[in-house]
Each structure stands twice: as C-alpha cells, then as structure tokens.
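*Asks:* quick one, fold the following:
(chains A and B)
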Protein chains: 2
Amino acid sequence: MTGALLLRDVRPMGGAALDVLCEGGRIAALAPARAAPPLAAPGATEVVEGGGALLLPGLVEGHCHLDKTLWGRPWWVNANAPSREARIANEKRLRGPLGMDPVREGGALLAAHLAAGTTRLRSHVDVDEESRLRHVEALLGLRETWRGRVEVQLVAFPQSGIVRTPGCEAWLDEALRLGCDAVGGIDPSEVDRDPVRHLDLVFGLAARHAKPVDIHLHEPGELGAFALSLIVERTQALGMAGRVVVSHGFCLGEVPAARADALLSMLAEAGVALCTSAPAGSAVPPLLRARALGVTVFAGNDNIRDTWSPYGAPDMLERAMFVGMRNSLRSDAGLGTAFDAVTASAARGCGFEGHGLAVGDRADLVLVEAETVAEAVVTHPPRRLVVSHGRIAHRAP
Amino acid sequence: MTGALLLRDVRPMGGAALDVLCEGGRIAALAPARAAPPLAAPGATEVVEGGGALLLPGLVEGHCHLDKTLWGRPWWVNANAPSREARIANEKRLRGPLGMDPVREGGALLAAHLAAGTTRLRSHVDVDEESRLRHVEALLGLRETWRGRVEVQLVAFPQSGIVRTPGCEAWLDEALRLGCDAVGGIDPSEVDRDPVRHLDLVFGLAARHAKPVDIHLHEPGELGAFALSLIVERTQALGMAGRVVVSHGFCLGEVPAARADALLSMLAEAGVALCTSAPAGSAVPPLLRARALGVTVFAGNDNIRDTWSPYGAPDMLERAMFVGMRNSLRSDAGLGTAFDAVTASAARGCGFEGHGLAVGDRADLVLVEAETVAEAVVTHPPRRLVVSHGRIAHRAP
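*Replies:* Next comes the predicted model:
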C-alpha cells in the first residue's frame, strides 16, 4: 500500500480545477478545487499544489525498440546506406563493436520516458539468429526492474524473419513461455518471401500461448494490402478481435482513398488496430479516416536515436505533435485527436487496463504548464510532475 | 565600431578547437585553441570560454510571416476549417477581434528567433485589401528596430492576389518604394485565376524596382509545373538568375520522378531557388535530387503559431530536423545537408552577404553543447551563446 498523494488545483485535460486524491496506486477521489470540506486521506498524505496546471493521464508509448537504442551514449556518427536491408545488416554488424547493452541503454531510455510522463510502454525485442533469446532475457529483467514505475509490454520480434531464420520459431515460442507479452511479425512477403507461412507461424504462436499479435508491416501498396487481408482472416478465424495490431501500415497511405477506406473498414470489422510513428518521410494510414471508420489508431516512436535513425525522443507529447503534423491536424480538436493516439487509444490498442483520469483508474498523472491539451501537444513543455502508480516519479528541478 | 570579442576553445562545425576573434562586427581571426601567442585584440576584448562547445554560423530563417504570428500571446484555440481559403478568410476575420499587432507579436518572434541563433530572416508581409500598407509600414519599422541584431528582409506579399484585388499593384509598388526587399506572389492560377497576368505583374514590379522575387507556389501537380515554367521564362527574360525564389513548390513532390527531374533541371539552369518548410503533411520538393541537379534549396518555418497553424517555433535547428525527417535523411551527412538548408543555402537563396565562419564573414555565431552538427540538428539543444554582428545577443541563463 503506497502512501496517499493529493494534487491540489489541477485542471484535468484543461477543464475546471479539481483536487485529485491518489491512494493505493489508484485515483481515489476527485473534487472541485478548494471544496469544503477538502479532500483528505487518512494518515500521511503528501500534498502537491498544482497552481492550476494542466493535468494529463500517463502517456503511452505504443511502439519502441528498447534493445536497439543508443540513448544515453555519446553521439554516434551514422554513415549507413539508406535502405531497410542495410539498416538491419548494419545493426547486427555494429552491435558488438559499439558494445551496445539493451539493459543499460534500454534502462536509460525508460528513465527518460518516465521523466517525460510515459508510464506504459510497448517495446519490440529482437529475436533473430544473432540475438536469439539474449535480448528477450535482458529486457524481461529490465521489465521487472521497472515494474511499478513503467508498465512494459514486450513483443517477441522476429526482425529477420521466421521462415528464413532456422530456429526462430522455437526461440519465439520460448520467448513467449518466458513471459513476452505478445508475438511480433514483419513484412511477411518481403522478409520471409512467404506471407502465408510467416503469418501462420505468427498466429500459431499467438494461439498456442493465448497472447496478442503486433506485426511490423512496411510493405507497399497492394502487397501490403494483401498482407492486411491475410492478417484479418487469421484474426477472425482465431477470434482475436481487439488483440491484433498492425504497426506502420504504410500501404494504407499509398493506395487510392476508396481502396484505403475498404481496407480500413475490413480492419475495423476484424478488430485490428493500427500503430503509427507518423513518419514525415513515408506514407501513413490516414488517421481521421481510420478513426471515422472505427479503427483504433495509436502512436509510438519506433526507433529512438539508434543505428536505424538519429531521430526520436522519449517524449510522447512530441510524438503526438508529429502525428498532428503528419496528418495536417491544425485545430485544437485535431490536436486532441493526436493526443488521444498517445493516451486512450494507445492504452486500448495495447491492452493496458485502467488508463484515464477517472476514479478507479491507475494514478498515472502528468502535470505541465499549458492552457489546453492542444498547447501541450504543440509545445510539449517540461513535465512539472509525473506520478506513476500513485507515487511521484519525477518532479521538475 | 563594436568592442572586440574572443571566443576561446570552440569547435567550428565540429572540427578542431579554435579561438575566434570578432572585431568590428566581423570574424577578424581564427587560430588553433591555446595557440602561442594567443589571439589578442587591441583594447577591451571580452573573452568567452567555449569549453570545446560546437560553434555554428548564425542561422537563417528563409520564410516566415512576422505579421501573422500570435507568438508571445496566450494559447489561441483554433476552430478553423481545414482549407487554405478558410484560413485566409479566418485570418482577416480574426485579426481585429484578436487585437493582433504585427509589431508586438512580430517583435516577440524576432526576439525568440535571435535567442535561438537566427541572425538573418526573410519575412513575407501581407499586402491585401484589409491590410493595404499597414503591415508593411509596421514591419519596416520593426526591421529598423532590429537592425544590427537580426537582419530582416521583407517580401511584399499579395496574400489575396493582385489581379483580383483592386489597388494591390499600386500598394505593392509603394511597398517596394518604401523599402521592402522583394516582391512576392501566390498561386497565379488558383488565386488570381490568370497565371500570366499575375506573374507579369510580379515580375514587372521586380524589374521596375530592381528587386528580387519570392513566390508562394502551392499549386498541385502539372498546374504547379506550368507556373514554374512561366516563372522560369520571366526569370530568364529579365536576367534575374539568382534573384528568384519559389517557396513551397509542392508540385515538385507530386509529379513523377522523371518529370520532377526535368523541372528541377529547368530551375537550376534559370537560377531559380526553392524554399521549403518541409511540411510533414504535404508533398515537398525532393531535397537531395534538387541539390544534385544544381538547385539551391533552403528552409523556412512558414507559419509559426498563428491562425493558420498551431505548429512551428522560432528555432532553425528544429526546422533543419524537420527538413531531415521529411526527406528521410538519417546519416550524419544527410543531417549536414539539412543544416545547410538553414545556413549557407538559405543565405545564398535570400542573398544575405558575408555568411559563414571564415575570416571576414559577419560575426554571427551560435554556440551549443553538441558533438557534431548532426547532433545539434537532432537535439536542437539550448543555445549557450548567440553572437550577432560581433556582439553577444543571447547567453544561456
């Protein structure tokens, strides 16, 4: 049982000023600020004066790679060639010489994420011929270290394919047995050169372990659309609605609008969600259209400062800004939609329970100096206070 | 004559540590850090210890709208409809009720720009039936106020067209006579519904006043390409190579690659430069291809926190990051190209003289904590020191 915490005079989502009482890791009560009698908890209650600051729910990182980041290290000069294949090969080549350590760098990234208000996070973790189960074991340990501060989901991710990587299916099976939260997949035609076999392996593992699926799909145009249809077939056959995510889904931004609509409707009906990093340089699923048709769309950073990409930061408010910019969302309502992609929709898409600002939700709270949610997205200001599981996790210096 | 300033132990562009002496507003001497005898200037020389920090040249804002920004004001809730026409109309409708003041808000933006290392800036200034010469006069005054700190170029910008705006040609003529540095234009087919007449008026004004041209071109696909060809014809007929800029040029990112190549080669031959804000949600001219074909490409923020857009910040390092992200530039070399778009190429494109880090260049300098130029682009860290015209303009608190 954690001690009680009272945030006084804060404006949840920019609304009227409230006092928020956290007890036992949950939001225990909400009352108008300066109400009489004031909210009080038995015993030792720490009080934070909010001064009318904006209160947000804990932010959710929907897609990152804790085992790839160089976060916390000196700048690494990237001289890589500009293709996905080169990036995969380079990473394997460089990992040893760079002395990369998923626990050290992944931990540094988690610490920075938490200080920026991220309290739930989904990370993919490489399972390939180079790492086998090494990264899985490292990150399972890291997940335990951070339990109670950042809730981490791990997706066992066959970065280099399953069919073409002897042993990979067994490693994935073992990764799920060891405690990974979901099974991943990647570009079933382009990487494994056999979309049906790749997806049958992925969904077979998911069914065997009763765990959800999250598939990297960068495949272009109608090739990607075909993969979506195969994913939907398997989702429906296994009754996995609400437990399947397609990450990236560039193809949905490449096919004509009417075709994209048909694909999005198919995903909505099957209960397949989409995760996007809203890359400025790639096609992306049309956010507003996907939502209008009933698809859950959420956001993740994807690569953060690693051998793949120099960009990215552990700041989901900045990522929400990128989502807004990529989708040309300029109104406050639009910015609210971008914010939803790093909070409520991300929690729903990943299956994080008890997310929000209602009584009973987990007391994961972020306090910033901003008038509105839209302003917080655009300015992504320093976090004044971050509360995770009812405890203060970060306080601005 | 300004007092002398000595920056000791700084790494220009990430190279070897040097001492940099500024005198009379110019870079007077460069010498290896801790050389014997050390660099010294006669009389009172202020000394700044750089501690090996990264030294960059002054940043250049290639395209903004000082008279549109809401910078420095409380958050404004944007409930605008998502079309360019609606944005133009909304701005006119809102300007009065909001009590917008181009000198106050434009000045606040200039101050923030300078503190972030921007020492040269090109702003468009509305000349339309609502503002007539009011914004021009306001910003000409602001330009004087900031002379010696931020070098401001003003482009007389017919936001609502020339042909369809009675009186506009005369106002533009007067704006140029009053001291505007260049004449603007906008979407000659879509706005004025008469591309030839619009461009003849723009280039006629340019020829009469012997001033350069900078045209907003959002027109799509082959309509935009046709406008480019008309602009090139007039540039060549008037011998204006190096004095014409096309801002945005979305069409160059929309037509097939081979067609874009042909258009870019045409622009290169005519000496027409491109300015881009690298918007994540629109097509953009392909940066690397344009440069390879000999086109000067530089960057500007365009709208910053105004009724058009909630996004943007007076930080050209962040804008360089957006340029890199939009063009999928991931290597350090690529990030260097993005940096060039907010420094050397921007100075060339706008015609700002004496930009750089060589002896004789204007002493506009930015000091940041970063290992390399690439890191500075990605992290756009706080500016430790900004020197403009040889004088300290900003020092980190």
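
*Asks:* got the residues of the stretch 151-300 of chain A near chain B?
*Replies:* When proximity is defined as C-beta under 8 Å from any C-beta of the partner chain, the stretch 151-300 of chain A approaches chain B at A:278, A:279, A:280, A:281, A:282. Any C-beta I mention is one placed from the backbone N, CA and C, and that applies to glycine too.

*Asks:* for the stretch 1-150 of chain A, what lies in contact range of chain B?
*Replies:* For the stretch 1-150 of chain A, the residues in contact with chain B (C-beta under 8 Å from any C-beta) are A:74, A:75, A:77, A:78, A:79, A:80, A:82.

*Asks:* which one in those is the model shakiest on?
*Replies:* Lowest pLDDT of the residues of the stretch 1-150 of chain A next to chain B: residue A:82, 77.

*Asks:* that residue reaches residue B:333, doesn't it?
*Replies:* No - using C-beta atoms under 8 Å, residue A:82 makes no contact with residue B:333, being 10.5 Å away.

*Asks:* who's in contact with residue A:306?
*Replies:* Residue A:306 sits next to A:65, A:68, A:69, A:70, A:91 when contact means C-beta atoms under 8 Å, 6 or more residues apart in numbering or on different chains.

*Asks:* who touches the nearest residue to it once chain neighbours are set aside in this structure?
*Replies:* Excluding the flanking residues, the one nearest residue A:306 by C-beta to C-beta, 6 or more residues apart in numbering or on different chains is residue A:68, at 4.3 Å. Counting by C-beta under 8 Å, 6+ apart, residue A:68 makes contact with A:91, A:126, A:303, A:306, A:307, A:308.

*Asks:* the same query, at a cut-off of 7 Å, please.
*Replies:* By C-beta atoms under 7 Å, 6 or more residues apart in numbering or on different chains, the contact list for residue A:68 reads A:91, A:303, A:306, A:308.

*Asks:* quick check, pLDDT for the third one.
*Replies:* If I follow you right, that is residue A:306. 95.

*Asks:* circling back: secondary structure and neighbour count added to the residues of the stretch 1-150 of chain A next to chain B, as JSON lines?
*Replies:* Listed next are these as JSON lines, based on DSSP: H, G, I helix; E, B strand; the rest coil; neighbours: other C-beta atoms under 10 Å in any protein chain shown:
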{"residue": "A:74", "secondary structure": "coil", "neighbour count": "8"}
{"residue": "A:75", "secondary structure": "coil", "neighbour count": "18"}
{"residue": "A:77", "secondary structure": "coil", "neighbour count": "14"}
{"residue": "A:78", "secondary structure": "coil", "neighbour count": "22"}
{"residue": "A:79", "secondary structure": "coil", "neighbour count": "9"}
{"residue": "A:80", "secondary structure": "coil", "neighbour count": "18"}
{"residue": "A:82", "secondary structure": "coil", "neighbour count": "12"}
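
*Asks:* show me which pair in the residues you listed is furthest apart.
*Replies:* Farthest pair in the residues of the stretch 1-150 of chain A next to chain B (C-beta to C-beta) is A:74 and A:82. Separation: 23.4 Å.

*Asks:* so where is the stretch 51-200 of chain A shaky, pLDDT-wise?
*Replies:* Low-confidence segments of the stretch 51-200 of chain A (pLDDT under 70): none present.

*Asks:* quick revisit: now the residues of the stretch 1-150 of chain A next to chain B as TSV including distance to residue B:287?
*Replies:* Below are the residues of the stretch 1-150 of chain A next to chain B laid out as TSV (distance: C-beta to C-beta, whole Å):
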residue	distance to residue B:287
A:74	28
A:75	23
A:77	21
A:78	17
A:79	19
A:80	18
A:82	13
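
*Asks:* between those, which is closest to residue B:24?
*Replies:* residue A:75 (35.2 Å).

*Asks:* would you agree the closest one is in contact with residue B:371?
*Replies:* Yes - using C-beta atoms under 7 Å, residue A:75 is in contact with residue B:371, at 4.1 Å.

*Asks:* quick one: the helices in chain A, in order.
*Replies:* According to DSSP state H, chain A carries its helices in the segments A:84-98, A:102-115, A:134-146, A:168-178, A:195-209, A:221-237, A:257-270, A:287-292, A:316-326, A:332-340, A:344-350, A:373-379.

*Asks:* and among those helices, the most buried is which?
*Replies:* Greatest average neighbour count among the helices of chain A goes to helix A:316-326 (a mean of 27), per mean count of other C-beta atoms under 10 Å in any protein chain shown.

*Asks:* just put the helices of chain A in a markdown table and tack on distance to residue B:389.
*Replies:* Formatted as a markdown table, the helices of chain A follow (distance: least, C-beta to C-beta, whole Å):
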| stretch | distance to residue B:389 |
| --- | --- |
| helix A:84-98 | 43 |
| helix A:102-115 | 38 |
| helix A:134-146 | 50 |
| helix A:168-178 | 60 |
| helix A:195-209 | 62 |
| helix A:221-237 | 53 |
| helix A:257-270 | 52 |
| helix A:287-292 | 45 |
| helix A:316-326 | 34 |
| helix A:332-340 | 38 |
| helix A:344-350 | 48 |
| helix A:373-379 | 30 |
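
*Asks:* which ones are touching residue A:373?
*Replies:* By C-beta under 7 Å, 6+ apart, residue A:373 lies in contact with A:13, A:14, A:335, A:336, A:339.

*Asks:* tell me the domain ranges of chain A?
*Replies:* A:4-58+A:356-395, A:59-350 (automatic domain parsing).

*Asks:* residue B:50 is nearest to which of those domains?
*Replies:* domain A:59-350 (17.8 Å).

*Asks:* make TSV from the contacts of residue A:373 and add pLDDT to it.
*Replies:* Listed next are the contacts of residue A:373 as TSV, based on pLDDT from 0 to 100:
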residue	pLDDT
A:13	98
A:14	97
A:335	98
A:336	98
A:339	98
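
*Asks:* which pair of these spans the longest distance?
*Replies:* For the contacts of residue A:373, the maximum inter-member distance is 12.2 Å, found between A:13 and A:335 (C-beta to C-beta).

*Asks:* residue A:282 - how many residues pack around it?
*Replies:* 16 (other C-beta atoms under 10 Å in any protein chain shown).

*Asks:* kindly report the same for the one 4 residues further on.
*Replies:* By the criterion of other C-beta under 10 Å, residue A:286 has 18 neighbours.

*Asks:* ok, it - contacts?
*Replies:* A:252, A:253, A:260.

*Asks:* how many residues are close by the nearest residue to the second one once chain neighbours are set aside?
*Replies:* Okay, so that is residue A:253. Spatial nearest neighbour of residue A:253, excluding adjacent residues (C-beta to C-beta, 6+ apart): residue A:283 at 3.2 Å. Residues within reach of residue A:283, counting by other C-beta under 10 Å, total 17.

*Asks:* before we move on, what about residue A:158?
*Replies:* 29.

*Asks:* isn't it right up against residue A:183?
*Replies:* No - with contact defined as C-beta under 7 Å, residue A:158 does not reach residue A:183; the gap is 8.6 Å.

*Asks:* joint contacts of the two?
*Replies:* With C-beta under 7 Å, 6+ apart as the test, residue A:158 and residue A:183 both reach residue A:172.

*Asks:* quick one, what contacts the residue nearest to residue A:219 when sequence neighbours are not counted?
*Replies:* Leaving aside its chain neighbours, residue A:219 sits nearest to residue A:187 (5.1 Å; criterion: C-beta to C-beta, 6+ apart). Each residue near residue A:187 by C-beta under 7 Å, 6+ apart is listed here: A:216, A:217, A:218, A:219.
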